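Chemist: Predicted model and sequence follow; I will ask about them next.
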Amino acid sequence: MAKKYLLALDSGIGGGRCVLVDLEGNEVGSAYQEWTYIYPEGVPGGVEFDPDNLWGILCSQIRKAVSDAKIAPSDVVSVSATAQREAQVYFDEEREIFACPCNDTRAMNESLELGRKYGERIYRITSRFWNSGVERLLWFKRHKPEVFKSIRAVLIMSDWMLYRFSGEFSAEPSNASNSGVFDVTKREWSKELLDLLGLPLDVWPEVHRSGDQIGEITSKAERETGLKRGTPVVAGGGDAQCGSLGTATVENGQIAAIAGTTTPIEMVIDKAIIDGEMKTNTNCHVVPDKWVLESNAGASGIIYRYFRDSFGHLEKLLGEELGVSAYQLLDQEAARVPPGAGGLFAFLASHVPGIEPNPPASILGLKPGGMSTLTTGRKEIGRAILENVCYGVRANIENIERASGIEIGELRLCGGESRSRLWTQIQADVLGKPVWIPKVSEATSFGAIICAGVGAGYYDSVIGAAKELVKCERVVQPDPKMHETYDILFDKWKRIYEKLSEIVKENLVGPVY
């Protein structure tokens, strides 16, 4: 009898991924392709994508993953999806009329207005008062009323991928939590907020639980993807919540960091918490009847990628010859630098809730060459960048601990950062807590795979499946002496962060090097 496989699509900011896993949780195939966006003229901050183009890329990755795995398309028995949570697609009566990734910021003015007028009221219901999808609808209502009037459905990006598979409009709570009009406690669209903002209720689809089957692959999708018509299509979830599921972060008080372009941090809670200080967000988990208390440490992987691309050209070439990642070579260099990065402190798009606005992108403490022997070079800068991310993660975890009243025991870490032995050791030393690394680092895709298996009846529940399938690769223990050193360095970093933020407020800001 042929083996059976589960498939998940994972749509990130930089590209699309297809992953194939067997029913025992072993990855058998994957494919990834970067994509580009459209920057419309006359729309400051506007970023869009062509739905047909992106779907074509995803379909090609499905075919490639299936081909590389050397399996028959009919052996794929269920599909699901996960994606960036603020990305949206609008439909009129016939087709998609607008699509954007989460980094579309055209509605910044609308966001600020909402915060000023209704911030606390919105936060009380949604646990957020800015940076949610609803502001784009208000932007269209103001700037393109003819388009606004034609909107008949609004989908989050992962729900749009399920639509392309099945032809069905649907929503699920973990993605809907980022819409700005979803009552996270009741797990339903908020008629109160929609009435307040003058927005229609009927454009928001029926809400299904993650792991529920919402349809089947259509004949059209069969032609496009090569997958078999009638294959179950299952509700997945938001990228961060699927990442938490893919690390088996499913019980009250467990916490995960999903280190990708940015680093969202999520603590599982049994009851929705509306943070009185408004420093954290509560979102629905992909696990039924559970929530996540969330914060975000800001840019992480994208900063180290910039460092690699700007200063690691030789490492990229050498890595290709040696069959290793350029990141590994840069890590080896940074590992020779002691904690504190030779006196450097980096502030590169890190985010500490409650200290607003973010400081300017800066690296402080650089010592030029010349007559001085006290120079700083690439290895110190690389270490400072890694420490910057780890400090940001700690600051955000401390906010989550205060809001929840729960002290963490360990951090579960997935994503690109988890593949770096240096980075994970620094994180453990900064926190003074063990860092748990899953065997499958792309845990977000794996979380959607779990949903696919539950929806097709191969596992009883998402919690049970996560505990059965997610395996630990290693646990990184903190060095007590290093933690003492990093306690002092973290306090300095945070004090400087606060001072730089004050400079921004005083409009005396410029690049600081």
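Modeler: All right, it came through fine.

Chemist: State the distance from Thr424 to Phe446.
Modeler: Distance from Thr424 to Phe446, counting by C-beta to C-beta, to the nearest Å: 18 Å. Where you see a C-beta, it was placed from the backbone N, CA and C, and this is true even at glycine.

Chemist: Next: Thr231.
Modeler: 19 Å.

Chemist: which one of those two has more residues nearby?
Modeler: Comparing Thr231 with Phe446 by other C-beta atoms under 10 Å, the one with more neighbours is Phe446, at 30 against 24.

Chemist: Name all residues that make contact with the more buried one.
Modeler: Contact partners of Phe446, counting by C-beta atoms under 8 Å, 6 or more residues apart in numbering, are Ala8, Val19, Val21, Gly25, Cys242, Leu245, Gly246, Pro438, Val440, Leu469, Val470.

Chemist: Just the buried ones from these, in ChimeraX syntax?
Modeler: A single ChimeraX command is used to select the members of those judged buried by 16 or more other C-beta atoms under 10 Å:
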select :8,19,21,25,242,245,246,438,440,469,470
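
Chemist: ok, so of the contacts of Phe446, who is nearest Ala65?
Modeler: Comparing the contacts of Phe446 against Ala65 with C-beta to C-beta places Val19 closest, at 7.0 Å.

Chemist: Any idea what the closest one is bridged to?
Modeler: Judged by DSSP bridges, the bridge partners of Val19 are Ala8, Ser30.

Chemist: try Ile255
Modeler: With DSSP bridges as the rule, Ile255 is bridged to Met267.

Chemist: can you map out the strands along the stretch 1-150 of the chain?
Modeler: For the stretch 1-150 of the chain, applying DSSP state E, counting those that start in this stretch gives strands covering 5-11, 15-22, 27-34, 76-83, 88-91, 96-100.

Chemist: circling back to that earlier point, can you tell me which of the contacts of Phe446 end up in helices?
Modeler: Counted as lying in helices by DSSP state H, out of the contacts of Phe446, are Cys242, Leu245, Leu469.

Chemist: Contacts only, for the closest residue to Asp331 other than its chain neighbours.
Modeler: The shortest distance from Asp331 to any non-neighbouring residue, by C-beta to C-beta, 6 or more residues apart in numbering, is to Leu422 (4.4 Å). The neighbours of Leu422, taking C-beta under 8 Å, 6+ apart as the test, are Asp331, Ala334, Ala335, Leu386.

Chemist: separation between the closest residue to the third one other than its chain neighbours and Leu330?
Modeler: Nearest residue to Ala335 in three dimensions, chain neighbours excluded: Leu422, at 5.0 Å (C-beta to C-beta, 6+ apart). Spatial separation of Leu422 from Leu330 under the definition C-beta to C-beta is 9 Å.

Chemist: Leu114: how many residues sit nearby?
Modeler: Leu114 has 22 nearby residues by other C-beta under 10 Å.

Chemist: Make 25 the starting number, not 1.
Modeler: Shifting the count to begin at 25 puts that one at Leu138.

Chemist: shouldn't it be in contact with Ile146?
Modeler: Yes. Assessed by C-beta atoms under 8 Å, Leu138 is found in contact with Ile146 at 6.5 Å.

Chemist: can you pull the buried residues of the helix or strand containing the residue nearest to Ala359?
Modeler: Element membership for Leu446 (DSSP states H and E) is helix 445-455. For helix 445-455, the neighbour count (16+ other C-beta under 10 Å) marks Leu446, Trp447, Thr448, Gln449, Ile450, Gln451, Ala452, Asp453, Val454, Leu455 as buried.

Chemist: Likewise for stretch 355-365?
Modeler: Asp355, Glu357, Ala358, Ala359, Val361, Pro363, Gly364, Ala365.

Chemist: any idea of the pLDDT on the second one?
Modeler: Which is Glu357. For Glu357, the pLDDT comes out at 91.

Chemist: Contact partners for it?
Modeler: Arg402, Lys403, Gly406.

Chemist: Isn't the first one up against His337?
Modeler: No. Shown here, Arg402 and His337 do not form a contact pair, counting by C-beta under 8 Å, at 11.4 Å.

Chemist: quick one: which of these two has more around it?
Modeler: Just comparing Arg402 and His337: by other C-beta under 10 Å the higher neighbour count belongs to Arg402, 15 against 11.

Chemist: From Ile409, how far out is the nearest residue in space to that one that is not next to it in sequence?
Modeler: Closest residue in space to Arg402, ignoring its immediate chain neighbours: Phe335 at 5.4 Å, by C-beta to C-beta, 6+ apart. Distance of Phe335 to Ile409, given as C-beta to C-beta: 10 Å.

Chemist: Among those two, which residue is more densely surrounded?
Modeler: Neighbours were tallied for Phe335 and for Ile409 using other C-beta under 10 Å; the higher tally belongs to Ile409 (23 against 14).

Chemist: For the more buried one, what is the enclosing helix or strand?
Modeler: Following DSSP H and E, one finds Ile409 within helix 402-428.

Chemist: Next secondary structure element downstream of that helix?
Modeler: Counting by DSSP H and E, the next helix or strand C-terminal to helix 402-428 is strand 435-439.

Chemist: gap between that following strand and the chain center?
Modeler: 12 Å (C-alpha atoms, centre = their mean, to the nearest Å).

Chemist: cool, stretch 444-453 as well?
Modeler: Counting by C-alpha atoms, centre = their mean, stretch 444-453 is centred 20 Å from the centre of its parent chain.

Chemist: Ignoring the adjacent residues along the chain, who's closest to Val274?
Modeler: Ile487 (4.8 Å).

Chemist: Report the helix or strand with the lowest average pLDDT across the protein.
Modeler: None of the helices or strands of the chain scores lower by mean pLDDT, DSSP states H and E than helix 337-346, at a mean of 70.

Chemist: Might one say that Val499 is in contact with Pro458?
Modeler: Yes. Using C-beta under 8 Å, Val499 makes contact with Pro458 at a distance of 5.3 Å.

Chemist: any residues in contact with both of these two?
Modeler: By C-beta under 8 Å, 6+ apart, Val499 and Pro458 have these common neighbours: Glu434.

Chemist: State the distance from the closest residue to Asp484 other than its chain neighbours to Leu225.
Modeler: Leaving aside its chain neighbours, Asp484 sits nearest to Val478 (7.6 Å; criterion: C-beta to C-beta, 6+ apart). Using C-beta to C-beta, we find Val478 at a distance of 29 Å from Leu225.

Chemist: Just want to know which of the two has more residues nearby.
Modeler: With neighbours defined as other C-beta under 10 Å, Val478 and Leu225 compare such that Val478 has more, 28 against 11.

Chemist: quick revisit: any idea which of the contacts of Phe470 the model trusts least?
Modeler: Among the contacts of Phe470, Val464 carries the weakest pLDDT, at 87.

Chemist: For the one helix or strand Leu220 maps to, list every residue counted as buried.
Modeler: Assigned by DSSP H and E, Leu220 belongs to helix 215-221. For helix 215-221, burial by neighbour count (16+ other C-beta under 10 Å) applies to Leu217, Leu218, Leu220, Leu221.

Chemist: Count residues in the vicinity of the residue lying closest to the third one once chain neighbours are set aside, would you?
Modeler: Across the structure, with C-beta to C-beta, 6+ apart as the measure, the residue nearest Leu220 apart from its sequence neighbours is Tyr142 (6.7 Å). As a burial measure, the neighbour count of Tyr142 was computed by other C-beta under 10 Å and equals 16.

Chemist: Check Tyr142 and give its pLDDT.
Modeler: Confidence at Tyr142, expressed as pLDDT, is 91.

Chemist: Relative to Asp294, which of the contacts of Glu357 is nearest.
Modeler: For those, the residue nearest Asp294 by C-beta to C-beta is Gly406; the value is 40.6 Å.

Chemist: burial of that closest one, as a residue count?
Modeler: Per other C-beta under 10 Å, the neighbour tally for Gly406 reads 26.

Chemist: for this protein, what are the low-confidence residue spans?
Modeler: Applying pLDDT under 70 to the chain flags residues 25, 153-155, 342-345, 392-399, 531-537.

Chemist: mind giving me the domain split of it?
Modeler: As assigned by automatic domain parsing, the chain contains the domains 29-270, 323-461+503-529.
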